[in-house]
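Novice: With the input below, show me the fold.
(one chain, ligands or ions: 1)
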Amino acid sequence: MPDFLTEDQKVLRQMARRMARDKVRPIAAECDRTGRFPWEIVEEFSKAGFYGSYIDEQYGGTGGGVMELVLITEELSRACGGIALAVAATALGTFPIIIGGTDEQKERWLPKLASGEILAGFGLTEPEAGSDASNMQTTAREEGDYYILNGLKHFITNGGVAKLYTIIASTDQSKGIMGTSAFVVEEGTPGFSYGKKEDKLGIRASQTCELVFQDCKVPKANSLGNPGRGFITAMKTLDRSRPGVAAQALGIAQGAFDLAIDYVMKRRQFGQAIADFQGIQWMLADMATEIESARSLLYRAARAIDAGEKNISKLSAMSKLKCSDVAMKVSTDAVQLFGGYGYMHEYPIEKFMRDAKITQIYEGTNQIQRIVIAKSLLKEAKQKG
Ligand code: COS
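Specialist: Below you'll find the predicted structure:
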């Protein structure tokens, strides 16, 4: 256990580990198979205080930061990367309020989010605006005391289970990304409805669906930050939330590794445990080394963000890039170690490989992370002169 964790963080991690073992693992396979959203676990997460772990005390949280979110997400993902998203994706939808909200807006929404009374989601992605987030077509037109939203957001994690969504829409298309703004849209707002629910390869316990806006009347009081700052708020949000994806990936890698090492010690072939073969031992050594190096980078990123370091985009993107690639490699190798059994739904290991894949794709593909990292490097080099 790293020495730099505070006593409170160690306790939180222990709580999340127990929750993963006792509550999440027993239902992971069923939720994966059926695509059921585990409301009963959300209640447990609320009681444990997970939703308030990264929210200031004055708004009902416990005053932690990204490190707390990372520790919880990592531990829960060891049991199920999909169920862990009930916390991590709510953080993604909440960060824009923390970043761009006024005191009044924070008082209005954060206590409900901190207690887990409601979940949140984040609406940036559209069918034609994935990596190219600047190409969004959703518009928000001013009309009296309202903004009128029209458009479609898709692939929205927590879509349909969240009650509050932070949405990025264009308030002035002639200004491109500098003409975008952020809004809070609550379930039940006239003109807001849910569209297609996605059937996914992995993270099936997490619900993903479209958000549809048809002349949706959003009060001006729900506008976050200054008009024109929507894209910047979205980028700042992703800087804080990508370590959450990294933590999900790391937990998936660790969970797959735990099952694999247990299996190779029990599985006997050629008259001995397969763990006695050096070829298998080398695989285990590589997997564990990758996991540890990914964890070091992720904790470094989380601590930098919480310490208010500048240029967090680079470390945040690096943590997501590294941890998600490690999750894919380790979970694939874990399936390999299980041999034919690993390929069967009957065994728990293939789920880790399916769950791992999305971490290389969402909140910016790993190709996008490389762009973010390279931009930061070049900016730093220029500043040094
Ligand atoms: N924090 C603050 N400001 C930021 C920022 C950040 N992390 N990232 C960019 N900005 C600012 C830039 O400083 C720039 O402002 P100025 O012109 O005033 O300097 C502005 O935003 C535009 O930035 P940039 O020129 O880098 O934007 P690009 O359109 O070239 O590309 C990428 C940005 C590709 C990195 C961005 O679109 C991105 O991250 N795309 C992926 C989106 C994503 O993750 N989608 C997944 C769905 S979200 S769940």
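Novice: Where does pLDDT dip in this structure?
Specialist: 1-2 (pLDDT under 70).
Novice: ok, now how distant is the residue of the chain most remote from its centre from the ligand?
Specialist: Among the residues of the chain, the one whose C-alpha is farthest from the average of all C-alpha positions is residue 271, by CA atoms, centre = their mean at 44.0 Å. Taking CB to the nearest ligand atom, to the nearest Å as the measure, residue 271 and the ligand are separated by 51 Å. Bear in mind the C-beta positions are built from the backbone N, C-alpha and C, glycine included.
Novice: just residue 164 next, same as before
Specialist: From residue 164 over to the ligand the distance is 16 Å, taken as CB to the nearest ligand atom.
Novice: count of neighbours near the residue nearest to that residue when sequence neighbours are not counted?
Specialist: Nearest in space to residue 164, with sequence neighbours left out and distances taken as CB to CB, 6 or more residues apart in numbering, is residue 120 at 4.8 Å. Using other CB atoms under 10 Å as the criterion, residue 120 is surrounded by 24 other residues.
Novice: Please apply the same query to the one 4 residues further on.
Specialist: As a burial measure, residue 124 scores 28 neighbours (other CB under 10 Å).
Novice: Could you shift the numbering so residue one becomes 359, and keep it that way?
Specialist: Sure thing, new numbering starts at 359, so read that last one as residue 482.
Novice: returning to what we had before: enumerate every residue touching the residue nearest to residue 522.
Specialist: Residues in contact with residue 478 (CB atoms under 8 Å, 6 or more residues apart in numbering) are 447-448, 450-452, 471, 516, 520-524.
Novice: And residue 622, by the same measure?
Specialist: By CB under 8 Å, 6+ apart, the neighbours of residue 622 are 631-633, 638, 642, 695.
Novice: Among those, which one lies nearest to the ligand?
Specialist: Distance from the ligand was checked for each of these by CB to the nearest ligand atom. The minimum falls on residue 695, at 32.4 Å.
Novice: Looks to me like the closest one is in a helix.
Specialist: Yes. Residue 695: assigned to a helix according to DSSP: H, G, I helix; E, B strand; the rest coil.
Novice: For it, give its distance to residue 608.
Specialist: Distance of residue 695 to residue 608, given as CB to CB, to the nearest Å: 19 Å.
Novice: So between those two, which is more surrounded?
Specialist: For the pair residue 695 and residue 608, the greater number of neighbours falls to residue 608 (30 against 23), based on other CB under 10 Å.
Novice: so what does whichever strand or helix holds residue 737 touch, helix or strand wise?
Specialist: Taking DSSP states H and E as the criterion, residue 737 maps to helix 724-742. Counting by 3 or more CB pairs under 8 Å, 6 or more residues apart in numbering; DSSP states H and E, the packing neighbours recorded for helix 724-742 are helix 670-696.
Novice: How about the residues of this structure by the ligand?
Specialist: Within the chain, the positions lying close to the ligand (CB under 6 Å from any ligand atom) are 480, 482-483, 489, 491-492, 535, 589-590, 593-594, 596-597, 671, 720-722, 726, 729-730, 733.
Novice: Counting only helices, which of those make the cut?
Specialist: 589-590, 593-594, 596-597, 671, 726, 729-730, 733 (DSSP state H).
Novice: Give me the neighbour count for residue 660.
Specialist: Residues contacting residue 660 under the criterion other CB under 10 Å number 26.
Novice: Surely it is within a helix?
Specialist: Yes. With three-state DSSP as the criterion, residue 660 is assigned to a helix.
Novice: Pretty sure it sits against residue 425.
Specialist: Yes. Using CB atoms under 8 Å, residue 660 makes contact with residue 425 at a distance of 4.3 Å.
Novice: Residue 552 looks like it's in a strand, true?
Specialist: Yes. Inclusion of residue 552 in a strand is indicated when three-state DSSP is applied.
Novice: quick one on the thing from earlier: can you turn the buried part of the residues of the chain next to the ligand into a PyMOL selection?
Specialist: The command below creates a PyMOL selection of those among the residues of the chain next to the ligand that count as buried (16 or more other CB atoms under 10 Å):
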select buried, resi 480+482+483+491+535+589+590+594+596+597+671+720+721+722+726+730
